[in-house]
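Q: what shape does this take:
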Amino acid sequence: MTLLLTNARLVDPGSGREGRGALLVRDGIIAESAWGRVPDAPEGATVVDCEGHVLAPGLVDMRAFVGEPGAEHRETLKSASEAAAAGGVTTLVCMPDTNPIVDDPAIVDFVLRRARDTAVVHVHPAAAITRGLRGTEMTEIGLLGEAGAIAFTDGAHAVQSAAVMRRALTYARDLGALLMPHLAEASLVGSGVMNEGELASRLGLGGIPREAESLMLERDIRLLRLTGGRYHASMISCADSVALVRRARAEGIALTCGVSVNNLALNENDVGDYKTFCKLSPPLRHEDDRQAVIEALADGTIDCVVSDHDPQDVETKRLPFAEAADGAVGLETLLAASLRLVHDGRLPLLALLRALSTKPADVLGLPGGRLAVGAPADLVLFDPERPYVLDKRSLRSRSKNSPFDEARLEGRVLRTFVAGREVFALADEPARARAA
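A: Numbering: from 1, shown residues only. Predicted coordinates for the structure are as follows:
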């Protein structure tokens, strides 16, 4: 299949280049990047007029929870991939928090086969660091990696034992594996359900201090100094954690980190009158912390932005705030919610797309995230100025627990391509493809 995408605003975060141009795609690979000109369309090629909209590498989401296997009523690999495509995400990493847990090579193989058969985007399973996500016994990292696990994490669970984490980091170093732990010191989290502070006190809710995250991060940095290896803090959410990452890098310690789009776009005030769709882990923080992580993303301290897509049904969300499950869906709103930073003048579009595509691909060792010749033709076409009000009923995810429900968003995905094949087109977007 040959595809020519013309009249586009090309944004390539891999090279830092932006401008008018066209892309020629052949057999799922970018065959030509034409800046400032339109190449001749090969005979039989499909030509798409992008009408001046942004054409960029597809997003790479490093943290998405999927119910399959075991909780298909919340999400399947098929529905998650369709939600991802609608949000411009062409690659997602699914967490091991399933039933059974992804702590055995056979389960890794099952996820890969199901994704191959049903998903419309690239799906890579992350395997558990510890058996049963219990934090006591390390998994067979080598065998899981050979089976196809792209990284290792205990998902929504933090590895509480420093000894277990040290062993995991040592094995990961020797095997070239990537660890992506969640950061939450359990005894400090306790019965807390939102950010600790004045607002939590006024709402009568138990608070989670920032130290529950920063102490865990500081422990892991010290262990990383001891062992070496590939380490990615999956999500940081407060100023203290930002300072720790900056200090570690100044000392020459190699680590990367991410942030949830929820902690970039929302703060603890969005909990409002006990809105359970805003009950998350890490919790929504104080506005000062939100500003700190935005600045860290702008200066490159934070490498990646993730959706932290975590579908929950009404039985786990339509409960009193303290009893509701953590989590929010986010694949379909990842780009639009992140674009708030661009519209507010806090971040250039190139920098945002670098954190959404190029850097995650680099951290994971994947070839995407760029518009270079020879790169996979995983692409998103979007209008960054197009406004809309999110209606959760329109979400393709099986669960509807979006913290952006009824929010005004700006930025709409028009088309998504995976290996040059169109996997999503906005329903009200007229067909503009023609045969050459």
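
Q: C-alpha only now, for contacts and for neighbours.
A: Fine.

Q: low-confidence ranges in the protein?
A: 428-436 (pLDDT under 70).

Q: can you map out the helices along it?
A: 77-86, 105-118, 141-147, 162-175, 186-189, 198-203, 211-227, 239-250, 261-265, 287-298, 314-317, 334-343, 349-353, 359-364 (DSSP state H).

Q: how far does the fifth one sit from its chain's centre?
A: In other words, helix 186-189. Relative to its chain's centre, helix 186-189 lies at 25 Å (CA atoms, centre = their mean, to the nearest Å).

Q: who wins for proximity to Val413 among the helices of the chain?
A: Counting by CA to CA, Val413 lies closest to helix 77-86 out of the helices of the chain; the figure is 6.7 Å.

Q: for the closest one, packing partners?
A: Secondary-structure packing of helix 77-86 (3 or more CA pairs under 8 Å, 6 or more residues apart in numbering; DSSP states H and E): helix 105-118, strand 408-418, strand 421-425.

Q: in TSV: these, plus mean neighbour count and distance to Ala45.
A: Putting those into TSV (neighbours: other CA atoms under 10 Å; distance: least, CA to CA, whole Å) gives the following:
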stretch	mean neighbour count	distance to Ala45
helix 105-118	17	27
strand 408-418	22	15
strand 421-425	18	13
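
Q: if we can go back for a sec, could you dump the helices of the chain to a markdown table with distance to Lys275?
A: What follows is these, written out as a markdown table (distance: least, CA to CA, whole Å):
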| stretch | distance to Lys275 |
| --- | --- |
| helix 77-86 | 23 |
| helix 105-118 | 33 |
| helix 141-147 | 39 |
| helix 162-175 | 35 |
| helix 186-189 | 20 |
| helix 198-203 | 12 |
| helix 211-227 | 23 |
| helix 239-250 | 24 |
| helix 261-265 | 14 |
| helix 287-298 | 18 |
| helix 314-317 | 9 |
| helix 334-343 | 18 |
| helix 349-353 | 28 |
| helix 359-364 | 31 |
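
Q: comparing those, which comes out most buried?
A: Across the helices of the chain, the average number of neighbours (mean count of other CA atoms under 10 Å) peaks for helix 77-86, which reaches a mean of 27.

Q: now the angle from it to strand 408-418?
A: Helix 77-86 and strand 408-418 are oriented at 110 degrees to each other (axes from the mean of the first three to the mean of the last three CA atoms, to 10 degrees).

Q: and the angle for helix 77-86 with helix 105-118?
A: Interaxial angle of helix 77-86 relative to helix 105-118 (the same axes, to 10 degrees): 60 degrees.

Q: what's the angle from helix 77-86 to strand 421-425?
A: Angle, helix 77-86 to strand 421-425, by the same axes, to 10 degrees: 80 degrees.

Q: from the chain's centre, how far out does helix 77-86 sit?
A: 13 Å.

Q: residues contacting Ala337?
A: Listed by CA atoms under 8 Å, 6 or more residues apart in numbering, the contact partners of Ala337 are Val261, Ala265, Leu409, Glu410.

Q: hang on, Ala265 packs against Ser338?
A: Yes. Between Ala265 and Ser338 there is a contact at 7.0 Å, judged by CA atoms under 8 Å.

Q: quick one: end-to-end distance for stretch 50-58.
A: One end of stretch 50-58 sits 15 Å from the other (CA to CA, to the nearest Å).

Q: so which bits of that stretch are buried?
A: Cys50, Gly52, His53, Val54, Leu55, Ala56, Pro57, Gly58 (16 or more other CA atoms under 10 Å).

Q: doesn't Leu10 make contact with the fifth one?
A: What that stands for is Leu55. Yes. Using CA under 8 Å, Leu55 is in contact with Leu10, at 5.0 Å.

Q: so Ser61 touches Val306, yeah?
A: In this structure residue 61 is Asp, not Ser. Yes. Counting by CA under 8 Å, Asp61 does reach Val306; the two are 5.4 Å apart.

Q: count of neighbours near Glu18?
A: Residues lying near Glu18 (other CA atoms under 10 Å) number 17.

Q: report the beta-bridge partners for it.
A: Judged by DSSP bridges, the bridge partners of Glu18 are Val11.

Q: next up, the contacts around it.
A: Arg9, Leu10, Val11, Asp12, Leu350.

Q: what residues do Asp61 and Val306 have in common as contacts?
A: Residues touching both Asp61 and Val306 (CA under 8 Å, 6+ apart) are Leu356.

Q: which of the buried residues of stretch 50-58 sit farthest apart?
A: Maximum distance among the buried residues of stretch 50-58 (CA to CA): 17.4 Å, for Gly52 and Gly58.

Q: for the closest residue to Arg246 other than its chain neighbours, list the residues it contacts.
A: Among residues not flanking Arg246 along the chain, Thr301 sits closest, at 6.5 Å (CA to CA, 6 or more residues apart in numbering). Counting by CA under 8 Å, 6+ apart, Thr301 touches Val242, Val245, Arg246, Cys257.

Q: would you mind giving the buried residues of stretch 50-58 as CSV with distance to Glu315 added?
A: As requested, the buried residues of stretch 50-58 are exported to CSV (distance: CA to CA, whole Å):
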residue, distance to Glu315
Cys50, 42
Gly52, 44
His53, 41
Val54, 39
Leu55, 40
Ala56, 38
Pro57, 37
Gly58, 33
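
Q: in strands, which of those residues fall?
A: Within the buried residues of stretch 50-58, residues falling in strands by DSSP state E are Val54, Leu55, Ala56, Pro57.

Q: how about those in CSV, adding distance to Pro387?
A: Formatted as CSV, these follow (distance: CA to CA, whole Å):
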residue, distance to Pro387
Val54, 15
Leu55, 18
Ala56, 19
Pro57, 22
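
Q: picking up where we left off before, nearest to Gly368, out of the helices and strands packed on helix 77-86?
A: Nearest to Gly368 among the helices and strands packed on helix 77-86 is strand 408-418 (10.7 Å), distances taken as CA to CA.

Q: list just the nearest of the ones in strands among the buried residues of stretch 50-58 to Leu143.
A: Among those, and counting by CA to CA, the member closest to Leu143 is Pro57, at 31.6 Å.

Q: was I right to think His122 contacts Thr91?
A: Yes. With contact defined as CA under 8 Å, His122 reaches Thr91; the gap is 4.6 Å.

Q: neighbour count: the two, which is higher?
A: Set side by side, His122 and Thr91 give different neighbour counts by other CA under 10 Å, the larger being at Thr91 (27 against 20).

Q: list the contacts of the more buried one.
A: Residues near Thr91 by CA under 8 Å, 6+ apart: Gly58, Leu59, Val60, Asp61, Val121, His122, Val123, His124.

Q: equivalent analysis for His73, please.
A: Listed by CA under 8 Å, 6+ apart, the contact set of His73 reads Gly67, Arg398.

Q: one more: the one 10 residues further on?
A: By CA under 8 Å, 6+ apart, Ala83 lies in contact with Leu331, Glu332, Leu395, Arg396, Ser397.

Q: okay then, goodbye and thanks.
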